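> I need the structure of the sequence given here:
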Amino acid sequence: MQLIFGAAGAGMPVDPDGFSVKTVAVFEQAILDYHINDSLVQEPVNPFAERTLEYQLYLKSWIDTVQWHVEDEVRRPGIAASYGLELKRRIDRLNQERTRMVEAIDDYFLEQFRCVHVAAGARINSESPAWAVDRLAILLLKIYHMQVEVTRANAPAGHRESCRDRLKLLYEQKADLCQSIDELLEDIALGRKQMKVYRQIKMYNDPQLNPVFYQT
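Numbers count the residues shown, from 1 in each chain. All right, here's what the predicted structure looks like:
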């Protein structure tokens, strides 16, 4: 299997196992970079070249990390209704951006696999590669924040021990998901599974599809 992980036509070929390892590294870098300042209003400084897969993965993880913290903030006790609505609208925009990034990553895979001969009877996976990668991005955020809880000095009795057990499970999920992603890419590359993508049809932000807009 030859996947270009870098600038189109000039990237480094990697095998399926290498893909998940490299993807995790990019996601973790974005998460760590965000938490340097830990601000909802900061803009990402993407260290990767534009039009590369790494660039898209970094930006996708940054969007996820911002949304994680906006979701925390909107649940702050005693939050003003106007501020809460502002945050909810921001969550909607972030969800839209997240979907756009996932579909861009799937476009990358579609291009990579467009010449693959699909075997007769090849199966279709329940989700595309990019949506599996999306789950990996969220899982790494869970791991980061669970690690924070494991070491939180002012945690109540038993909290850190409980979080340590949860962290162990999250690491197990990470290993299984990485393996599953690499195996899916290998199956697609060898024609054992079809690379098929269904675009997310978001209706609530579309003035033509949301009756709140067109009946106003």
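> buried set for the strand or helix carrying residue 137?
Take DSSP states H and E as the rule and residue 137 turns out to sit in helix 129-150. Of all the residues in helix 129-150, those buried under the rule 16 or more other CB atoms under 10 Å are 129-134, 136-141, 143-146, 150. Placement of C-beta: from N, CA and C, glycine included.
> so where's the chain uncertain?
Counting by pLDDT under 70, the ranges of the chain that qualify are 1-17, 202, 209, 216.
> let's see that with 90 instead.
For the chain, the stretches with pLDDT under 90 are 1-18, 51-52, 111-112, 114, 126, 155-157, 195-216.
> who are the contact partners of the residue nearest the centre of it?
When CA atoms, centre = their mean is applied to the chain, the residue found nearest the centroid is residue 134 (3.1 Å). Going by CB atoms under 8 Å, 6 or more residues apart in numbering, residue 134 touches 60, 98, 102.
> save these as JSON lines, and put in secondary structure too.
Shown next, in JSON lines, are the contacts of residue 134 (DSSP: H, G, I helix; E, B strand; the rest coil):
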{"residue": "60", "secondary structure": "helix"}
{"residue": "98", "secondary structure": "helix"}
{"residue": "102", "secondary structure": "helix"}
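> tell me the one among the residues you listed nearest to residue 183.
The closest of the contacts of residue 134 to residue 183 turns out to be residue 102 (CB to CB; 19.6 Å).
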